[in-house]
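Chemist: Any chance you could fold what I've pasted below:
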Amino acid sequence: MTVQVRTTRTTSQPADPESLSRIGFALAALAAPVSALNPILPHVGPVSAFTAYSLLMFVYGVFHMRRRPPNGLRRFIIVFCIPILAITLPAIVIHFGAAHIFAEAVVVSGGVLITLGLIALPSTLLTIRAVLAGWLLASISTTVLAIIELTTGRHFGPSYLDANPGASKTGVVTVFFNPNNYAAFLTLTIPLLIAGAALATRTWTRRAYYLAAIASVPIMIATSSRFGVAALLLGVAVWMILRIRSHFAQAFVLAFALLGVVLVFKFLQANSAGEISSSASGADYAIKLFGVEITSDSSLVARWNLMLNGFDMIDRAPFGSGPGGYELVALDQGTSRMTFGMINPHNGAIEFLTQYGVILGAIAVSVTIALFVNSIRSNKLLHSSAPERTLASASVCMIACLPLIFSMHSTFLNVPHEWAGFATIAVVAVYLHQLRATKAPKQHENTHG
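Modeler: I've put the predicted structure just below:
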């Protein structure tokens, strides 16, 4: 008797299109540390570590895109990013090495490429954990450098004091050129660290996130940045509001936070980062608003006048003056208001509108609103015990603090870590949008089942 043995040939199964390889995880995790530490990382000629990473992240993301359910928010972000690249990439070639134009075009192009690369990755929790792990690494690295600076007086990379020796030396700088820039980085980092702790799967990782977040608070104070301290107050208030159901209590918390912000700007005058010079500091200036004169110091007066100058530029060139255009117009045509010799916009929203025009500006506002609304809806839909709710809350806090973050930088668009922040908000938003789309039908079935 013959026994036939049927052998089953095992075929290799195709890889899960929503999986993230180790290379993809590493690249996603590098977004924040490379952007933050770029000033002290190796450069090869005009190519910085940030530029090289942005190209690598974009190429990897594009070549690893897989067919997935349609996501309207992802498409909206792409629609916003493509026209920016259409402006900045030719500017890099045409104005290679030109002052103001080339440097900004390179950073903006890099930031957009990182954003497109990250949102091309699978919209999974693993991708989000990878990005947040990068912010943890960036936080730990810069905190160590901050401690070294506070104890030894040594800062790393170029400092605002190199460009403006008359400025008052206040606040820790590390690799961020200016204390306000460091404060802006911390404003983004603290909510993301809390979200990372909520999503962590290991106890030691969760503790690392919490310790990094706690350490960031005194570092924020050490920057001496009024905008940073104000953002800290506003961020805490927004987080509380998202956890409170009573509308009266929410209004009370918001009013208390706004009062705190006003008091911070009032009582930290002349003792904070951003003063132009010791001789110019103090309450000797005033900002006119709706016919009322508000006593201020040189820093806030300069920012106010730079913003008004920006409105003049928008009126003359509503379709934008291109990368670096604000500074070039200020140098070429001068300014009609006192800015203490400063030509940088000191306001990210005005900077974008003057250089990329009102049409792209309107799209940028629409994208920001869409990201904000998506985060709020996710915060409401997700169960209070869901770790993703903390992720949604972190996103709301970062977007709510944008008006303050915009005013922390001399030039917002030329700062790599701000683009890492935008890319992070974008990839988180795409993930939350997809998560809501999958959870909403289930909740509907549970309600009507």
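
Chemist: what residue ranges in this structure score low on pLDDT?
Modeler: 1-18, 67, 69, 161-169, 269-284, 286-296, 384-385, 439-449 (pLDDT under 70).

Chemist: Please, which helix or strand holds the residue sitting nearest the centre point of the chain?
Modeler: Among the residues of the chain, the one closest to the centroid is G421, at 2.9 Å (CA atoms, centre = their mean). Element membership for G421, per DSSP states H and E: helix 416-448.

Chemist: Skip the chain neighbours and tell me the closest residue to M240.
Modeler: The shortest distance from M240 to any non-neighbouring residue, by CB to CB, 6 or more residues apart in numbering, is to V253 (5.1 Å). C-beta coordinates here come from the backbone N, C-alpha and C atoms, glycine included.

Chemist: Next, the buried residues of the helix or strand where that neighbour lies.
Modeler: If you go by DSSP H and E, V253 is part of helix 247-267. Using 16 or more other CB atoms under 10 Å as the test for burial, helix 247-267 gives 250, 253, 257, 260-261, 264-265.

Chemist: Could I get the contacting residues of the residue nearest to M240?
Modeler: By CB atoms under 8 Å, 6 or more residues apart in numbering, V253 lies in contact with 237, 240-241, 244.

Chemist: quick one: what helix or strand has the closest residue to A257 other than its chain neighbours in it?
Modeler: Spatial nearest neighbour of A257, chain neighbours left out: A237 (3.2 Å); criterion: CB to CB, 6+ apart. With secondary structure defined by DSSP H and E, A237 is part of helix 226-243.

Chemist: related to what we said a few turns ago, using PDB, write down the CA coordinates of the helix holding V253.
Modeler: The C-alpha trace of helix 247-267 is given here as PDB (Å, rounded to 0.1, in the frame of the first residue of the first chain):
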ATOM      1  CA  HIS A 247     -18.100  75.900  30.800                       C
ATOM      2  CA  PHE A 248     -17.900  78.300  33.800                       C
ATOM      3  CA  ALA A 249     -14.800  76.600  35.100                       C
ATOM      4  CA  GLN A 250     -13.300  76.600  31.700                       C
ATOM      5  CA  ALA A 251     -13.900  80.400  31.300                       C
ATOM      6  CA  PHE A 252     -12.500  81.000  34.800                       C
ATOM      7  CA  VAL A 253      -9.300  79.000  34.000                       C
ATOM      8  CA  LEU A 254      -8.800  80.800  30.700                       C
ATOM      9  CA  ALA A 255      -9.400  84.200  32.200                       C
ATOM     10  CA  PHE A 256      -6.900  83.500  35.000                       C
ATOM     11  CA  ALA A 257      -4.300  82.300  32.500                       C
ATOM     12  CA  LEU A 258      -4.700  85.400  30.300                       C
ATOM     13  CA  LEU A 259      -4.300  87.600  33.400                       C
ATOM     14  CA  GLY A 260      -1.200  85.600  34.200                       C
ATOM     15  CA  VAL A 261       0.200  86.200  30.700                       C
ATOM     16  CA  VAL A 262      -0.400  89.900  31.000                       C
ATOM     17  CA  LEU A 263       1.300  90.000  34.400                       C
ATOM     18  CA  VAL A 264       4.300  88.100  33.100                       C
ATOM     19  CA  PHE A 265       4.800  90.600  30.300                       C
ATOM     20  CA  LYS A 266       4.300  93.500  32.700                       C
ATOM     21  CA  PHE A 267       6.600  92.400  35.600                       C
END
